[in-house]
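[1] below are the sequence and a predicted model; questions follow.
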Amino acid sequence: MDTVPFLQSTPLLAVLASLAAVPLIALSGKKPNLREFWTFLAGFIKLALILSMGSYILSGNTHTYELCKILPGLSLQFTVDGFGMLFALVASSLWLVTSVYSIGYMRGLDEHAQTRYFCFFALALSATIGVAFSGNLLTMYLFYEMLSLSTYPLVTHHQDMEARGAGRKYLTYLLSTSIGLALPAMLATYLITGTLDFNVQGIFPPDTAKTTLVVLLIMFLYGFSKAGLMPFHSWLPGAMVAPTPVSALLHAVAVVKVGVFSIGRVLTGIFGIHLLASANLNVIVCVIAGFTVIISSLIALSQDNLKRRLAFSTVGQLAYIILGIGLASRLGVIGGMTHIAMHAFGKITLFFCAGAIFVATGKKYVSEMKGIGRRMPYTMAAFFIGSLSVIGLPPCGGLISKLQMVYGAMQADMFFVLVIYLVSSLLNAAYFFPIVYNAFFCPDEEAMFEKRVDEAPVFCMLPPVITAVISVVLFFFPGIFMDFASLMVVGV
Amino acid sequence: MITDQLPILILAVPLLTSFAITIFARKSPILAFSLLLAAIGTSFACSVGVLRQLLETGATIHYHVGNWQPPYGIELVIDHLNAMVLVIVSGAALLTAVYSRHTVPAEVPDRFPGEKIPERATNYYTLYALLITGLLGIVATGDAFNLYVLLEISALSSYALLSLGRGRAYFATFKYLIMGTIGACFYLLGVGYLYIKTGSLNMADLKGLLASSILLDSQTVKIAFILIIVGIWIKMAFFPLHGWLPNAYTFASDTTSCLVAPLMTKVSVYMMIRLMFSVFSVHYIFEVLGFQDMVVWLAAAAILFGSVSALGQTNMKRMLTYIIVAEVGYMVGGTWLGNSNGLTGATYHILSDAMMTLCLFMAVGAVIYKTGDSSRESMRGIFRKMPVTAVVFLIGAFAMIGIPPTCGFFSKWYLVSGALEAGHWGFAAALLISSLINAIIFFRIIEIGYFPDFDAPAAASGDHGHGAAVMAEVPLTMLLPMVLTALSLIAIGVYSNEIITGLVSRTIPAGLL
Amino acid sequence: MAEIITDIISKYNYWAFLILLLMGLHAMISKNNLVKKVLGMSIFQSAIILFYVSIGEKKGATIPILAHGHGTEQVHQTAAQMVAGFVNPLPHVLMLTAIVVGVSTLGVALALIQKIYRVHGTIEEDEILENIKE
């Protein structure tokens, strides 16, 4: 074991930081401020631990920490590399922001069972960091399932009939695909290759039959249905019945990002970029992802419920990421991975704004939000910036990642993907700009709000502004995340 | 040296204690309970001692009862397989014995006017001790006929125990009696044929004699094998011979369910594995007989039938009994796949399923103890009323579904690997489908526990189901075994590698891929 | 053809046991009255017991009891001759156990039937099933 400038067990500690907070949160139920303190403490410790590994990883190293042998030839193992660091940074930093937002939202609406909410939130973040640092497919699967289960109480928080239906859909989709598709695919991979450790060269022996590879690829793509590839995406719009901070973090950042991250890992670490390109498997990925991109953007256009519109937009953006990584070209992979971060900051801004609007005005539908810019200018400004990032326009970080993906498509000679990118960006604009336009520039007669500025509580208004600013910062300093992503394509 | 006598102590202590309870503890249920606890505790300690001995020396332990030399005398043969099962049986019995402290007095069998009420508790504990003797004996013995005797001892005690339930228990037990006797008699007949052909009843001796080429072709031996296997299948409720199980276990008292459900079918699975590999051989079963394909398909059918039937049940105990039918399918299929992954999965599943079933039955028993209602509705609001029980149930449910790191995931891993290796897609698909069906079954119950009743007329609006639900947990003697069992599910899962490389892999006969 | 007939006739004991076994099995499964089922079970077990006992039989052998303890006549025979003169006692011993098991099972079954009668008022299976459905 080479000496590293941080504790060997740091990946494990990062996972455990929020896990350890769970009993503390549970016990401080009666004292809300103390309870929230535990969440923040865990969040800071987690972020600090992750940051401590940053420079080491940036110099091109990876760090492995084995937990225990769990099956012959397989262990529960953490491996920290560029991709994992990227995702872990995104998730842990956004957890802090979301926790601030949660306080404002939950207290603003006087939601019930807040202790349970914060407990399971911490648990879900543990699972997310676990996925980020997983060193093999088995460990990742374990944390993936842990995430599905720990987010169920969050999705069904309201405990009414709608929540029950949404919860059922959520678990049905996630568990049936992970047990029915991902698990047998994982087993078959293990039987064929004898290992499940991620390796940038891919782990399949060169003589594996093409049909086997295709079948396994499809099983993995649909098996990790947290990534929302159509037709296994329906759980995502359904899960919007959850409180907005849940929607924001989990469905714009953690849960769905775990899905794309898992698929990204499988594509780069199990199949390997070389195999994808040489066996033309990348075409399959791009077709499936491209289809999702277009259809979801079209559906988003028709949605009046703001959160549902954002949900379908997320489905499309996730498919973007898979599309980028699936190109199996250097820039495509970098672009796709970086877009995980860019989209996270952009989308969370949008969700925060949606929640702030709900807290301040009780409105959920776009058609009811004409002229809302008069009342909540800061929120809508943040919304505007967030949407710029998602569409991929300057001065927001989303542009950088999208450009990379476009170059990657050219690098891979897949021009239909270029077309998909351009068309979908237009569609993105089509379903975002009207909201902003109507918020600020509608004529006085149609405005539904008075000119009085009456923002949401500070706790709800500050986070979207912060994340919007970060989106702009990322435009100027994309290296924060892109450098991690570049580490993954060394030697391609 | 006492350590030499450990094998026989495992059997002798509960046997003698059952007599002691009847003779000395007629008037005092507390004394009966203490004697039982002491006996099973001793058995458990001896089993663990035997296991440790075995792990240290690695040599199979042979104990000649009464110092008569085999093959004429009866011997107890303890190798890695039955050492593990001995610990499981005595451990599960111990946990249930502690659990029974409060439930046995509470469960009143039907009484009739004018009938002198017997000392229920004492009788119950006597039968308990006898059942455990029988089960431990089946596991420890190395003689085929001795197996029959102990099989019938355990069967008779189980008939009596199961009938101490609610009204329909008598009839259900009667049907079980008939079916069980048929099964045991088939086994006896099979052993008789083997005796005709080989002249021996000792298992190790039989193995040597049966390996000769004349006997391999013999029709008699084939029929013997079929009779023995069918007899054992009846005893383990392997589809389609499972008809007696749901009724018999549902109407029994909850403690009895906790005792018999995890153990009796698993011990029968052990019997099957023992007879298949230590009496007959791998070569005989998979090459000479060659009908393993059909058996695996039957196992797949058992899994699907059990899972789907469980789906339609509203009575929680009945639902669990159908899940037992499915789990038996897992183990039979895994054994008959014919590769080491499959058999590893099946053997590990003996351990894992015994614990899972025990965990779930205990949790359900606790709910019934508190609410008196065995339908799904009794789980309403359970996370608030009985949080510990609810979490125990949750962990058991996760294990049944096969979510890592519980033990259920690992047994599925091996079983599906074995199925994929053997090219048995049907069995692999059945395993995965049953995981999904289990997920549906258990999440429906968890939903009932988590959400308020939307169909009830007094559904609280805006109350979010936070009505005045007072937390009313079950007594500690019930909680403790439940929590221990639930924790063991996770421990067995996390340490599955140690268990498998250290113990289970030693039980796989050479000759399986 | 002739060999088959001589074969069948010479194994008359096995045929008898088979018929008994099937009778018992048939009674257990198809009879309505619970006591008849139990009797069928008894017959079934007896068939198996008789089967076991008969396999120990040897031509011209006598029951396995030493007539004179350590008497003087037996001294002149070799061990093999002695063994050949006695029926194999092992199946007898095994069947003693089996008979005990059979009797206990019979006892438990009859006790259950008593209880069933108390609860349902009848020991005919179809009536019990109707009773249960109500």
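    Nice, I can see it.
[2] what mean pLDDT does the longest helix belonging to chain C have?
    Ranked by number of residues, the top helix in chain C under DSSP state H is helix C:89-120. Averaging pLDDT along helix C:89-120 gives 91.
[3] contacts for stretch B:296-314?
    With Cβ atoms under 8 Å, 6 or more residues apart in numbering or on different chains as the test, stretch B:296-314 has contacts from B:238-240, B:242, B:319-320, B:322-330, B:332-333, B:336-337, B:375-376, B:422, B:424, B:426-427, B:429-431, B:433-434, B:437-438, B:440-441. (C-beta placed from N, C-alpha, C; glycine too.)
[4] and the residue in the stretch 101-250 of chain A positioned nearest to chain B, what helix or strand is that in?
    Ranked by Cβ to the nearest Cβ, the top residue of the stretch 101-250 of chain A for proximity to chain B is A:Leu142, at 4.3 Å. Taking DSSP states H and E as the definition, one finds A:Leu142 inside helix A:137-155.
[5] residue ranges for the helices of the stretch 151-300 of chain B, please.
    Ranges of helices in the stretch 151-300 of chain B, per DSSP state H, counting those that start in this stretch, are B:169-198, B:203-210, B:213-216, B:219-236, B:245-251, B:254-274, B:282-283, B:292-311.
[6] A:Arg107: how many residues sit nearby?
    A:Arg107: 16 surrounding residues under other Cβ atoms under 10 Å in any protein chain shown.
[7] now do B:Ala422
    The burial count assigned to B:Ala422 is 20, neighbours taken as other Cβ under 10 Å.
[8] over to the one 5 residues further on?
    By the criterion of other Cβ under 10 Å, B:Phe427 has 28 neighbours.
[9] would you confirm that it contacts B:Leu337?
    Yes. B:Phe427 is within contact range of B:Leu337, at 7.2 Å (criterion: Cβ atoms under 8 Å).
[10] what is in contact with those two at once?
    The overlap between the contact sets of B:Phe427 and B:Leu337 (Cβ under 8 Å, 6+ apart) consists of B:296, B:419.
[11] quick one: B:Met316 from B:Val391, how far?
    B:Met316 sits 17 Å away from B:Val391, taking Cβ to Cβ, to the nearest Å as the criterion.
[12] I meant to write B:Phe44 there.
    Taking Cβ to Cβ as the criterion, B:Phe44 is separated from B:Val391 by 25 Å.
[13] when these two are compared, which one has more neighbours?
    Taking other Cβ under 10 Å, B:Phe44 and B:Val391 do not tie; B:Phe44 has more neighbours (21 against 16).
[14] on the three-state scheme, that one is what?
    Following DSSP: H, G, I helix; E, B strand; the rest coil, we place B:Phe44 in the helix state.
[15] what's the neighbour count on the single nearest residue of the stretch 251-400 of chain A relative to chain C?
    As assessed by Cβ to the nearest Cβ, chain C sits closest to A:Val255 within the stretch 251-400 of chain A, at 49.4 Å. By other Cβ under 10 Å, the residues close to A:Val255 number 29.
[16] assign it to helix, strand or coil.
    At A:Val255 the chain is in helix, as set by three-state DSSP.
[17] so A:Thr174 sits right up against A:Gly228, yeah?
    You called it Thr, but residue A:174 is Leu. No. Counting by Cβ under 8 Å, A:Leu174 sits too far from A:Gly228 to count as a contact (10.6 Å).
[18] the two: which has the busier surroundings?
    Each of A:Leu174 and A:Gly228 had its neighbours counted (other Cβ under 10 Å), and the higher figure belongs to A:Gly228 (29 against 25).
[19] quick check, pLDDT for that one.
    For A:Gly228, the model assigns a pLDDT of 85.
[20] for the longest helix of chain C, packing partners?
    Helix C:89-120 sits against helix B:144-163, helix B:169-198, helix C:34-55, helix C:125-133, with contacts defined as 3 or more Cβ pairs under 8 Å, 6 or more residues apart in numbering or on different chains; DSSP states H and E.
[21] now the longest one, how far from the centre of its chain.
    For helix B:169-198, the separation from the chain centroid amounts to 19 Å (computed by Cα atoms, centre = their mean, to the nearest Å).
[22] and that helix with chain C, contact?
    Yes. Helix B:169-198 reaches chain C (Cβ under 8 Å from any Cβ of the partner chain) through B:170-171, B:173-174, B:177-178, B:181-182, B:185, B:188-189, B:192, B:195-196.
[23] where does the stretch 301-450 of chain A get nearest to chain B, which residue?
    A:Gly362 (15.9 Å).
[24] got a pLDDT number for that residue?
    79.
[25] neighbours of it, how many?
    Neighbour tally, A:Gly362, other Cβ under 10 Å: 9.
[26] check the stretch 101-250 of chain B for the residue nearest chain A and tell me.
    Counting by Cβ to the nearest Cβ, the stretch 101-250 of chain B gets nearest chain A through B:Phe239, at 22.6 Å.
[27] could you do the stretch 151-300 of chain B as well?
    In the stretch 151-300 of chain B, the residue that lies nearest chain A is B:Ala300 (14.9 Å; Cβ to the nearest Cβ).
[28] quick check: closest non-adjacent residue to that residue.
    Nearest residue to B:Ala300 in three dimensions, chain neighbours excluded: B:Ala430, at 3.9 Å (Cβ to Cβ, 6 or more residues apart in numbering or on different chains).
[29] report the contact partners of C:His120.
    Neighbouring residues of C:His120 by Cβ under 8 Å, 6+ apart: B:171, C:127-128, C:131-132.
[30] separation between it and A:Leu137?
    Remark: distance between C:His120 and A:Leu137 (Cβ to Cβ) = 58 Å.
[31] same question for A:Phe83.
    Separation of A:Phe83 from A:Leu137 (Cβ to Cβ) stands at 14 Å.
[32] put the alpha carbons of stretch A:332-349 into CSV.
    In CSV, the C-alpha atoms belonging to stretch A:332-349 read as follows (Å, rounded to 0.1, in the frame of the first residue of the first chain):
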residue,chain,number,x,y,z
GLY,A,332,-17.7,12.5,-25.4
VAL,A,333,-16.8,10.7,-22.2
ILE,A,334,-15.3,13.8,-20.6
GLY,A,335,-18.3,15.8,-21.7
GLY,A,336,-20.8,13.3,-20.4
MET,A,337,-19.1,13.0,-17.0
THR,A,338,-18.8,16.7,-16.6
HIS,A,339,-22.4,17.2,-17.5
ILE,A,340,-23.3,15.2,-14.4
ALA,A,341,-21.9,18.1,-12.4
MET,A,342,-23.2,20.9,-14.6
HIS,A,343,-26.6,19.5,-14.9
ALA,A,344,-26.7,18.9,-11.1
PHE,A,345,-26.1,22.5,-10.3
GLY,A,346,-28.4,23.8,-12.9
LYS,A,347,-31.3,21.4,-12.2
ILE,A,348,-31.1,21.8,-8.5
THR,A,349,-31.5,25.6,-9.0
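[33] run the chain-centre distance for it.
    Distance of stretch A:332-349 from its chain centroid, counting by Cα atoms, centre = their mean, is 8 Å.
[34] may I see the buried residues of that stretch?
    Of all the residues in stretch A:332-349, those buried under the rule 16 or more other Cβ atoms under 10 Å in any protein chain shown are A:332-349.
[35] quick one: B:Phe454 and A:Glu162 touch, right?
    No. With contact defined as Cβ under 8 Å, B:Phe454 does not reach A:Glu162; the gap is 10.6 Å.
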